[in-house]
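Q: Sequence plus predicted model, see below.
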Amino acid sequence: MTPETREMSIKLASVRAACERAPAGPRKDTAWKHYRLAELAQSEENDAEMYKELDAAKLALV
């Protein structure tokens, strides 16, 4: 596993855990939407879009 791949995996896992721990409501729903888009971007190997969506998911939970 390359350092870049490891960093992506850690960030995805971190945001997923934050989404799972968040209380139910519109913020959690928005965060999950962005998280799913990040997973899609990762599968399409679009790293810039993945990081953008992960950041948006984190902001939705703040």
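A: Nice, thanks for sending it over.

Q: in terms of contact, does residue 47 touch residue 8 like I think?
A: Yes - between residue 47 and residue 8 a contact is recorded at 7.1 Å, counting by C-beta atoms under 8 Å. In short, each C-beta sits where N, CA and C put it, glycine included.

Q: between these two, which one's more packed in?
A: A count of neighbours by other C-beta atoms under 10 Å puts residue 8 above the other of residue 47 and residue 8, at 18 against 13.

Q: now the more buried one: how far from residue 26?
A: Distance of residue 8 to residue 26, computed by C-beta to C-beta, to the nearest Å: 27 Å.

Q: Tell me which residues touch residue 43, please.
A: Shown in contact with residue 43 (C-beta atoms under 8 Å, 6 or more residues apart in numbering): no residues.

Q: One more: residue 58?
A: 15, 18, 31.

Q: Against residue 22, how distant is the last one?
A: Using C-beta to C-beta, we find residue 31 at a distance of 6 Å from residue 22.

Q: For those two, list the residues in contact with both.
A: Joint contacts of residue 31 and residue 22 (C-beta under 8 Å, 6+ apart) are residue 61.

Q: These two: who's more crowded?
A: Neighbour count, other C-beta under 10 Å: between residue 31 and residue 22, residue 31 has more, with 25 against 16.

Q: ok, and the more buried one, which helix or strand is that part of?
A: In this structure, residue 31 is located in helix 26-43 according to DSSP states H and E.
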